[in-house]
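Visitor: mind folding the following:
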Amino acid sequence: MYMPPALRRWVARFVLAIVVAIAIGYVPGAVLRRDPRTTKLDAQLGALADEARRLEAANLDLAREIQALRTDVGAIEDRARADLGLVYPNEIVMRVQVTP
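Guide: Model prediction:
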């Protein structure tokens, strides 16, 4: 099949352009030439993910504490003694002060 030389040149240029584009996309050194802003954003994303995990753990602890305060009389008593300083009638309280 006859193909005019001008068309053959354009087809060759197009194929070469595709090969070059694919080669540029898969250059192994592309990771080393990352934008510094991308590195900074990745670090921020990691820090935010750590904070989210920490807050999620704290929320789970609070949910467990709330559930215990709703259902467990001992938990309510412990909380009243610790936070409010409440004691039973006729109970003797001895406060010991520790000096550093």
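
Visitor: check what pLDDT the closest residue in space to R81 that isn't next to it in sequence gets.
Guide: Spatially, and ignoring its direct neighbours in sequence, R81 is nearest to V87 (7.1 Å; CB to CB, 6 or more residues apart in numbering). Every C-beta, even on glycine, is put in place using the N, C-alpha and C of the backbone. pLDDT, V87: 88.

Visitor: now do the SS call for V87.
Guide: coil (DSSP: H, G, I helix; E, B strand; the rest coil).

Visitor: how far out from the middle of the chain is the host helix or strand of A43?
Guide: Here A43, judged by DSSP states H and E, is contained in helix 36-71. When C-alpha coordinates are averaged (CA atoms, centre = their mean, to the nearest Å), helix 36-71 and its chain have centres 7 Å apart.

Visitor: and the residue nearest to R81, backbone torsions?
Guide: The phi and psi torsions at V87 (degrees, to the nearest 10) take the values phi -140, psi 160.

Visitor: isn't it right up against V93?
Guide: Yes - V87 lies in contact with V93 (CB atoms under 8 Å); the separation is 5.5 Å.

Visitor: still on that earlier bit, mind giving me the packing neighbours of the helix holding A43?
Guide: Applying 3 or more CB pairs under 8 Å, 6 or more residues apart in numbering; DSSP states H and E, we find helix 36-71 packed against helix 73-79.

Visitor: and the helix it packs on, which residues are buried?
Guide: In terms of neighbour count (16 or more other CB atoms under 10 Å), helix 73-79 has its buried residues at A75.
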